[in-house]
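Trainee: take this sequence and fold it.
(2 chains)
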Amino acid sequence: MVRNVSAFRPALRSGQRFDASAAARPILTFESVFKSYRTDQPVLRGTNLVVERGEFVFITGPSGAGKSTLLRLVYCAEQADDGRILFLGRDVARLTEPSIPVLRRNMGVVFQDFRLVPAWSVFDNVAIPLEILGLAARLIRTRVGEVLERVGLAGRGVDKVSGLSGGEQQRVAIARAIVAEPALILADEPTGNLDPQLAIDILGLFEEIHETGTTILFATHDRSLLELRSHRIVVLSEGRAIDVPDGLAVSMDDAGPPVDDFTVPMSRVAV
Amino acid sequence: MIGSSMSAVGRVWRSGRGDVKVYLLSVFSLAVAFVCLASALLVVFNLRAVEARWARAGRISVYLRDGTSNDQVAQLRKALEQTPAVAATRHVTAADARKEMVDDGVAGSLAILPVEAFPASLELSLSDDVTDEQVAAIAQKLRDVPNIESVETYQRWTDRISALVRGGVAASAVLALVVLAAVASVITSTMRFALHRRRIEVEVLKLVGATDRFVRGPFLVEGALQGAVGAAASLALLALLYAIVRGKFDDELGLLLGVHPTFLPWEIMASMVAVGAVLGALSAFAGVRKLSAV
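Mentor: Residues are numbered from 1 along each chain as shown, chains lettered A, B, ... in the order given. Next up is the predicted model:
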């Protein structure tokens, strides 16, 4: 079921009134974004990218291309050196320190290494975004139960996450990312630690979430996943984001182990 | 309100249960530090009671010369009872003095001494409103009376105890500073260690939109609990030791000091626990203030 986007109420600052025009804007826009960790090695060099609401976008590129940096800039774990990053039309680089947590409540983030609290139960790990929102305990129990069922972990709430398999831990991380129904999900190599079949299962889970209207940025350098599905693909190459036209992904080499050669013929690329 | 869905205690338990052993060690260290402070306070508190007891002794012992006749004693008592500051007089003969000493059991070996070895005296009970100056004036006048050997106002005992109390208070103040510094150091270190152990938890909380206040909350409560439990444990330990000592030496202490020792009043105990809690929370805040480093 596709979520009714007009019902979405984005708010980057608690107590701020709903801005109806925000629903019509792209959910995410990168405008000439520069980022470097060392002056002689820029990671992003004037990156431009527009992600519309409800899109499923693969962000790909070789290791070190800046996939993780791109995502970290969105949830303010990094600050851009130059340029603007607009989330629902608001420049996240200009958010004040107290507003950053509020921004993050509008996003779900999934990592390759899961980032779960090992000492906590599955329930506690999934429930924490709702606790931060201050929801009632009964509502949290209901909502967490629904989400665990959705990711295939029904009845596993009491289990310690340290006792789960890698695939199950990633499902818990995904459940945590979607439990508060964020507008945007950022997935940073979420299948990197999983075997090929589990990776496909997890990708399928993200697609199910996407079908409900959630926007997903899925960073991966696993070409087999890109060729498996016909979603929008953005390649990060030499610090720029390049859209790959439909059909190019499937015309790449046969599925196999991840490779670092993502050079795309410029003649076939619509920038 | 942020975080209202789960009680603070619940969040503290969920986050801190993995560090229980570390916290128990911390509480033990705090209890050792606090027990020093509590002991000093106990001594000072009882010294104050002794000081107050002797400062309000309200009596003068007038030792009579040997050979003072009963008529002379009677005349002296009559004169003294007409003095406004004197409420009552009691004649203690040499035999009475010897009997009191032997009956009190303070000096059993003195029983072999003859009656003549014990001085007869007049014990004066003074009015409640008599001042130190009036006591001194009365004593001075009495010393000029021919049949009187000496006059004891017990003022020098009060002075000595007062000096002892002042010294005890000063020592306790210094000790308090040392203890508070030790408590702050222990809790700060413990919370830094806990923060390091729970880096993933802090990282996850911040990732999903928790404010620094929300993240710090459990750490502050844990610090406050450590301080309060450490102080309470020290009081419990001291109370146990106090009960043992008092059970064995209560009568002796009572005779020696003139008052029966008492344990710290609940106000002081409650204050110690509160100080432990506040100091614990402040120290924990100092330990986890740099969440951005996580």
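Trainee: next, the contact list for B:Leu225, please.
Mentor: Counting by C-beta atoms under 8 Å, 6 or more residues apart in numbering or on different chains, B:Leu225 touches B:12, B:23, B:277, B:280. To be clear about C-beta, it is placed using only N, CA and C from the backbone, and glycine gets the same treatment.
Trainee: try 10 Å this time
Mentor: Counting by C-beta atoms under 10 Å, 6 or more residues apart in numbering or on different chains, B:Leu225 touches B:9, B:12, B:16, B:23, B:27, B:276-277, B:280-281, B:284.
Trainee: pull up the gap between whichever residue of chain B sits closest to chain A and A:Arg104, please.
Mentor: Minimum separation of chain B from chain A (C-beta to the nearest C-beta) falls at B:Gly209, amounting to 3.6 Å. Distance, B:Gly209 to A:Arg104, using C-beta to C-beta, to the nearest Å: 4 Å.
Trainee: which SS class is residue 216?
Mentor: Going with chain A. Assigned by DSSP: H, G, I helix; E, B strand; the rest coil, the conformation of A:Ile216 is strand.
Trainee: the intended chain is chain B.
Mentor: helix.
Trainee: and the pLDDT at it?
Mentor: Looking at B:Arg216, its pLDDT is 88.
Trainee: again, but for the one 5 residues further on
Mentor: At B:Val221 the predicted local confidence, pLDDT, stands at 90.
Trainee: what about it, neighbour count?
Mentor: When neighbours are defined as other C-beta atoms under 10 Å in any protein chain shown, B:Val221 has 21 of them.
Trainee: do the same with A:Val244
Mentor: Applying other C-beta under 10 Å, we find 21 residues neighbouring A:Val244.
Trainee: now do the strands in the stretch 101-250 of chain B.
Mentor: For the stretch 101-250 of chain B, strands defined by DSSP state E, counting those that start in this stretch occupy the ranges B:121-126, B:148-152.
Trainee: quick check: which of the ones you listed is buried the most?
Mentor: strand B:121-126 (a mean of 20; mean count of other C-beta atoms under 10 Å in any protein chain shown).
Trainee: what's it in contact with?
Mentor: Contacts with strand B:121-126, where a contact means C-beta under 10 Å, 6+ apart, come from B:56-64, B:68, B:73, B:76-77, B:80-81, B:83, B:85-94, B:96-97, B:134-135, B:138-139, B:142, B:147-153.
Trainee: list buried residues within these.
Mentor: Burial by neighbour count, judged by 16 or more other C-beta atoms under 10 Å in any protein chain shown, picks out B:57-62, B:64, B:68, B:73, B:76-77, B:80, B:83, B:85-86, B:89, B:91-94, B:97, B:135, B:138-139, B:142, B:147-148, B:151, B:153 from the contacts of strand B:121-126.
Trainee: just the helices from chain A, written as ranges.
Mentor: For chain A, helices defined by DSSP state H occupy the ranges A:67-74, A:99-104, A:122-133, A:137-150, A:166-178, A:196-211, A:223-228, A:248-251.
Trainee: can you check the stretch 51-200 of chain B too?
Mentor: Assigned by DSSP state H, counting those that start in this stretch, the stretch 51-200 of chain B shows helices spanning B:70-81, B:94-104, B:132-143, B:155-197, B:199-207.
Trainee: between the longest one and helix B:132-143, how many degrees?
Mentor: Translated: helix B:155-197. 150 degrees (axes from the mean of the first three to the mean of the last three C-alpha atoms, to 10 degrees).
Trainee: what is the mean pLDDT for helix B:155-197?
Mentor: 83.
Trainee: who are the packing partners of that helix?
Mentor: If you count contacts as 3 or more C-beta pairs under 10 Å, 6 or more residues apart in numbering or on different chains; DSSP states H and E, helix B:155-197 packs onto helix B:20-55, helix B:132-143, helix B:199-207, helix B:212-257, helix B:266-288.
Trainee: can you do 6 Å?
Mentor: helix B:20-55, helix B:212-257, helix B:266-288 (3 or more C-beta pairs under 6 Å, 6 or more residues apart in numbering or on different chains; DSSP states H and E).
Trainee: how about the shortest one?
Mentor: With contacts defined as 3+ C-beta pairs under 6 Å, 6+ apart, helix B:199-207 has no packing partner among the helices and strands.
Trainee: hey, which of the helices of the stretch 51-200 of chain B is tucked in deepest?
Mentor: Of the helices of the stretch 51-200 of chain B, helix B:199-207 is the most buried (mean count of other C-beta under 10 Å), at a mean of 20.
Trainee: contacting residues around that one?
Mentor: A:109, A:115, A:117, B:215, B:294 (C-beta atoms under 6 Å, 6 or more residues apart in numbering or on different chains).
Trainee: highest neighbour count among those residues?
Mentor: Neighbour tally across the contacts of helix B:199-207 (other C-beta under 10 Å): the maximum, 25 neighbours, falls on A:Val109.
Trainee: that residue contacts A:Ile185, correct?
Mentor: No - between A:Val109 and A:Ile185 there is no contact, the gap being 7.6 Å when judged by C-beta atoms under 6 Å.
Trainee: give the burial count for residue 228, as a bare number.
Mentor: With no chain named, the answer covers chain A. 16.
Trainee: you answered for a different chain; I wanted chain B.
Mentor: As a burial measure, B:Ala228 scores 22 neighbours (other C-beta under 10 Å).
Trainee: not counting its neighbours along the chain, what's nearest it?
Mentor: Residue nearest to B:Ala228 in three dimensions, not counting chain neighbours: B:Ala277, with 3.9 Å by C-beta to C-beta, 6 or more residues apart in numbering or on different chains.
Trainee: now do the contacts for the one you found.
Mentor: Residues B:224, B:227-228 are the ones in contact with B:Ala277 under the rule C-beta under 6 Å, 6+ apart.
Trainee: switch those residues over to a markdown table; also include pLDDT.
Mentor: Listed next are the contacts of B:Ala277 as a markdown table, based on pLDDT from 0 to 100:
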| residue | pLDDT |
| --- | --- |
| B:Ala224 | 92 |
| B:Gly227 | 91 |
| B:Ala228 | 94 |
